[in-house]
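J.: Sequence and predicted structure are below.
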Amino acid sequence: MLSCFGALTLLWVATYFAEAQSVDSDATRDLTGLSLEELYNLDVIQLSVIGGHTHPAHEIMFGYQFMFMDMGDHLSGTRGVSETEILKHFPSASTGMTVEEHMVEVMYAPTNKLTLMAMLPIKSIDMDMVMDRFHFTEHSQGIGDLQILALYTVLGSVSKGNRLIVDAGMSFPTGSIDEKNTILGETFKLEYPMQLGSGTYDFRPGLTYLGESKKWAWGAEALTSLRFGRNENGYRLGNEYGLTGWVGYAVTDWFAPSLRVNGRIWGNVHGADPDIDPTVDAEGDPDRQGGRRVDFLMGVNFFVPNGIFKRTRMNIEGGFPIYEDLDGPQLSTRWLISAGLTYSF
């Protein structure tokens, strides 16, 4: 909650300075007065998707993103499953789960066509459980997997019109896969969703399309995570395939609302960790980890074009699933929200 308060404070600061600048007609003008190159360099209409983060040559960007996801109830396929039904097959059952993530980003563009980026998440995961009417909470916290990526514009101008961008990178196993908890004096290995990393080197190819007009921007991105081999605990997570599409409208040169639909498919665990008992709960069963989900997301994007916070950008986006099909029983996602702050120079 402290992170959410900080994000809202930063939002107020950004909005205040943007409004202050609007008093000076020479400092701020309607978006239609900006050239396409200025429009893309401002980044006011790009959403928080990887392929939208391209920069002009020699520009550096530092960023921070906060994400929170709340999960509850259970699905097996698209059918709801009660805790009572789960406890007929397992001695324990999850009752709810929250995932909090803080992402630190740095980007650098050696040329107009090429942008390099590194991202390191810090995660905090809590899962509420019930076993023999005893309620307890599992917890894991720490850094996740480091991601290094490159974005290269292969078609179109790097600063205007329709563009096609190739995304390629790797995820490195810096996140722990040995998280444990001690409950009532007993220490046990946490289930697969509670671990902080994949434990494998993962290839992350993708393709991004960006389009624009004077006030509208739209685009689509396909991004995958392909796992290599098995980790030191004898398993690998399932591959992930994501497809997202968005549209944004620039009301002014500092404010743009947006809509986005994000689809994701992820596979079951291959192999198994011998220290995770698959008979205790569904989260420990490697064959109950896959699924498919489509989220509907609404966002607002702010950019400070002038003043002491010049080139600072903030975006807030939140939404909920409109479709879920889980290899469960698994906890269903109720809602999710993210907030980001970036500074370029």
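T.: That came through fine.
J.: which stretches of this protein have low pLDDT?
T.: Per-residue confidence for the chain (pLDDT under 70) gives these ranges: 1-48, 158-160.
J.: spatially speaking, which residue is in the middle of it?
T.: In the chain, the residue lying closest to the centroid (C-alpha atoms, centre = their mean) is residue 67, at 6.8 Å.
J.: Within the helices and strands, which one has that one?
T.: According to DSSP states H and E, residue 67 maps onto strand 60-77.
J.: and the next element down the chain from that strand?
T.: Following strand 60-77 in sequence, per DSSP H and E, is strand 79-81.
J.: If we go by neighbour counts, what in that next one is buried?
T.: residue 81 (16 or more other C-beta atoms under 10 Å). C-beta: built from backbone N, CA, C; applies to glycine.
J.: quick revisit: now the strand holding residue 67, how far from the chain's geometric center?
T.: Offset of strand 60-77 from its chain centre (C-alpha atoms, centre = their mean, to the nearest Å): 6 Å.
J.: Same check on stretch 124-143?
T.: 22 Å.
J.: pull the CA atoms of that stretch into CSV?
T.: Coordinates of each C-alpha in stretch 124-143 appear next as CSV, following Å, rounded to 0.1, in the frame of the first residue of the first chain:
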residue,chain,number,x,y,z
SER,A,124,6.5,-10.3,-2.7
ILE,A,125,4.0,-13.2,-2.8
ASP,A,126,1.4,-14.3,-0.2
MET,A,127,-0.9,-17.3,-0.4
ASP,A,128,-3.5,-18.0,2.2
MET,A,129,-4.1,-21.6,3.0
VAL,A,130,-6.5,-23.8,5.0
MET,A,131,-5.7,-27.3,6.4
ASP,A,132,-7.8,-29.2,8.9
ARG,A,133,-9.6,-25.9,9.6
PHE,A,134,-6.3,-24.2,10.4
HIS,A,135,-5.6,-21.1,8.4
PHE,A,136,-2.1,-19.9,7.6
THR,A,137,-0.2,-17.8,5.1
GLU,A,138,2.7,-18.8,2.9
HIS,A,139,5.1,-16.0,2.0
SER,A,140,8.1,-15.5,-0.3
GLN,A,141,10.0,-12.3,-1.1
GLY,A,142,13.1,-11.4,-3.1
ILE,A,143,14.5,-10.6,-6.6
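J.: Can you point out the buried residues in the strand holding residue 67?
T.: The neighbour-count check on strand 60-77 (16+ other C-beta under 10 Å) flags 61, 63-69, 71, 73-76 as buried.
J.: Now do residue 327 against residue 157, distance only.
T.: 44 Å (C-beta to C-beta, to the nearest Å).
J.: These two: which is more packed in?
T.: residue 327 (20 against 14; other C-beta atoms under 10 Å).
J.: my guess is that one contacts residue 292, does it?
T.: No - between residue 327 and residue 292 there is no contact under C-beta atoms under 8 Å: 9.1 Å.
J.: ok, now which ones touch the residue nearest to the centre of the chain?
T.: Residues counted as contacts of residue 67 (C-beta atoms under 8 Å, 6 or more residues apart in numbering) are 99-101, 103, 336-338.
J.: Looking at these, which are in strands?
T.: Per DSSP state E, strands hold the following members of these: 99-101, 103, 336-338.
J.: Save those as CSV, and put in distance to residue 263 and neighbour count too.
T.: CSV is the format used below for those (distance: C-beta to C-beta, whole Å; neighbours: other C-beta atoms under 10 Å):
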residue, distance to residue 263, neighbour count
99, 19, 18
100, 23, 17
101, 20, 17
103, 21, 19
336, 14, 19
337, 18, 18
338, 17, 20
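J.: Dump the residues you listed to TSV, plus distance to residue 232.
T.: Shown next, in TSV, are these (distance: C-beta to C-beta, whole Å):
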residue	distance to residue 232
99	24
100	27
101	24
103	25
336	31
337	34
338	31
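J.: who does residue 324 bridge with?
T.: Here residue 324 sits in beta bridges with residue 293, going by DSSP bridges.
J.: and what of residue 71?
T.: residue 97, residue 333.
J.: Same question for residue 226.
T.: residue 203.
J.: just checking, it touches residue 201?
T.: No - the criterion here is C-beta under 8 Å, and residue 226 misses it with residue 201 at 10.0 Å.
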